[in-house]
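> Next comes the sequence, and after it the predicted model I'd like to discuss.
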Amino acid sequence: MPGKLKYPRARIVSVFVILMLLVIIMWAGQRTNAARHFLAAQTILNDMLEADQINQAGIDEALERIRLALRTFPGQPDYQDFAGQLHELMADREGVVGQQRSDLLETAAGHYRKALSVRPLWPYSWVNLLSVKDKLGQVDMEFNKALHRAVETGPWEPRLQLAVITTGLRRWDRLRRTERNLIREEIIKSLKTQPREVFMIARTFNRPDLVCDEGSDFAQIKQWCAMAL
């Protein structure tokens, strides 16, 4: 037909491939840029922690960086988890009390929930959510779920075990029998790998009986128990 342009199939395919490559290049660039902001946020926080100088200016800078990363990839669980940690850190600062503290902790919990919606088998997001629920005094169904899931997904993580035991003993009087039994099991298991740390936590909450009544054959535990009880 006169006047009608005809494009060879090979040319159409080539144009399509070029467009796809451009899309991939743009996506890779965005991903790299987001990762750069995330790394910068981590570096800022790590530098403050190493210097033992947590300050609001540093937290704000790290938050701005992680917000830039989240703006591009809001579903990235590492970014969400880190944003939660920063808000929790702000809530724990001296002088942050009342509604301001509650709002920061609720924001942190929201980030942890988003991280878990994408990566439900990551134990540290569960223990982070548990920590926030503990600080808010919300011993509810979500608290219990976070407690169980933290134990299920990270059965031999030393830091996680101590965090679970600490939270469990702090909220012991509000726990159901099921959760109390879970804490007892964690204590028995953790005594095999970190007995001193577990005993010190139990003694902090005036519950050395939960350690000593297990009849541990670890000599040091027996000595501590003889002194504590």
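Structure's in. What do you need?
> For the residue nearest in space to the middle of the chain, list the residues it contacts.
Of all residues in the chain, the one closest to the mean position by CA atoms, centre = their mean is Ser125, 3.2 Å from it. Counting by CB atoms under 8 Å, 6 or more residues apart in numbering, Ser125 touches 77, 81, 112, 115-116, 119. Any C-beta I mention is one placed from the backbone N, CA and C, and that applies to glycine too.
> Can you list the residue ranges for helices in this protein?
9-51, 56-72, 77-91, 98-118, 123-136, 141-153, 158-170, 177-190, 195-204, 209-212, 219-228 (DSSP state H).
> for the last one, what is the average pLDDT?
Taken as a whole, helix 219-228 has a mean pLDDT of 72.
> likewise the third one?
Within the predicted structure, the mean pLDDT of helix 77-91 is 97.
> got the angle between that helix and helix 56-72?
150 degrees (axes from the mean of the first three to the mean of the last three CA atoms, to 10 degrees).
> Okay, angle between helix 77-91 and helix 123-136 too, please.
Using the same axes, to 10 degrees, helix 77-91 lies at 30 degrees relative to helix 123-136.
> Next: the last one.
Between helix 219-228 and helix 123-136, the angle comes out at 10 degrees (the same axes, to 10 degrees).
> what does helix 219-228 rub up against?
Helix 219-228 has contacts (CB under 8 Å, 6+ apart) with 191, 195-196, 199, 203, 208, 211-212, 216.
> In JSON lines: those residues, plus neighbour count.
What follows is the contacts of helix 219-228, written out as JSON lines (neighbours: other CB atoms under 10 Å):
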{"residue": "Leu191", "neighbour count": "19"}
{"residue": "Pro195", "neighbour count": "16"}
{"residue": "Arg196", "neighbour count": "12"}
{"residue": "Phe199", "neighbour count": "24"}
{"residue": "Arg203", "neighbour count": "15"}
{"residue": "Pro208", "neighbour count": "20"}
{"residue": "Val211", "neighbour count": "25"}
{"residue": "Cys212", "neighbour count": "18"}
{"residue": "Ser216", "neighbour count": "19"}
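> Got the phi and psi for the closest residue in space to Leu169 that isn't next to it in sequence?
Using CB to CB, 6 or more residues apart in numbering and skipping the chain neighbours, the partner closest in space to Leu169 is Phe205 (4.1 Å). Main-chain torsions, Phe205, degrees, to the nearest 10: phi -100, psi 20.
> One more: Gly137?
Dihedral angles (degrees, to the nearest 10) for Gly137: phi 70, psi 20.
> count of residues packed around it?
11 (other CB atoms under 10 Å).
> Comparing the helices of the chain, which yields the minimum mean pLDDT?
That would be helix 219-228, which, of all the helices of the chain, carries the lowest mean pLDDT at a mean of 72.
> Can you give the domain ranges for the protein?
For the chain, automatic domain parsing gives the domain ranges 14-119, 139-229.
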